[in-house]
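Asker: sequence? don't have it. structure:
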């Protein structure tokens, strides 16, 4: 098997598994969704966002200059953009762009 056909088979298998995992809950819970699944659907998004925020800010040094200023400014911008526009993509892209500008140009 050549390298390109091997790669194509790998991509096909990964795609099939991904599609299967996406559709599996709909096949399993066709008639009625259990209460605990509904509960998890309401609680998990906020918990995952919280974990991502903690992961992103875990290496922030607040004891030396710039004392976490780029991270705090970018996080505040994300919160403001989300509250204003209610668009997650805009909030994430805006916060990322401002953070990169601050780190590369202002706090370099």
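Answerer: Everything's here; your move. Quick caveat, the model's predicted, so the values are computed rather than measured.

Asker: List the contacts of stretch 82-90.
Answerer: Contacting residues not belonging to stretch 82-90 are listed as 81, 91 [Cβ atoms under 8 Å, 6 or more residues apart in numbering]. For every residue, glycine as well, the C-beta is placed using N, CA and C.

Asker: Check which residues of that stretch are buried.
Answerer: residue 82 (16 or more other Cβ atoms under 10 Å).

Asker: any idea where the strands of this structure begin and end?
Answerer: Counting by DSSP state E, the chain has no strands at all.

Asker: Helices of that one, residue ranges please.
Answerer: 3-28, 35-57, 69-85, 88-101 (DSSP state H).

Asker: Rebuild the ones you listed as CSV, extending it with mean pLDDT and distance to residue 107.
Answerer: Shown next, in CSV, are those (pLDDT from 0 to 100; distance: least, Cβ to Cβ, whole Å):
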stretch, mean pLDDT, distance to residue 107
helix 3-28, 95, 39
helix 35-57, 93, 16
helix 69-85, 97, 5
helix 88-101, 96, 10
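
Asker: can I get those in TSV with distance to residue 63?
Answerer: Below are the helices of the chain laid out as TSV (distance: least, Cβ to Cβ, whole Å):
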stretch	distance to residue 63
helix 3-28	43
helix 35-57	14
helix 69-85	13
helix 88-101	20
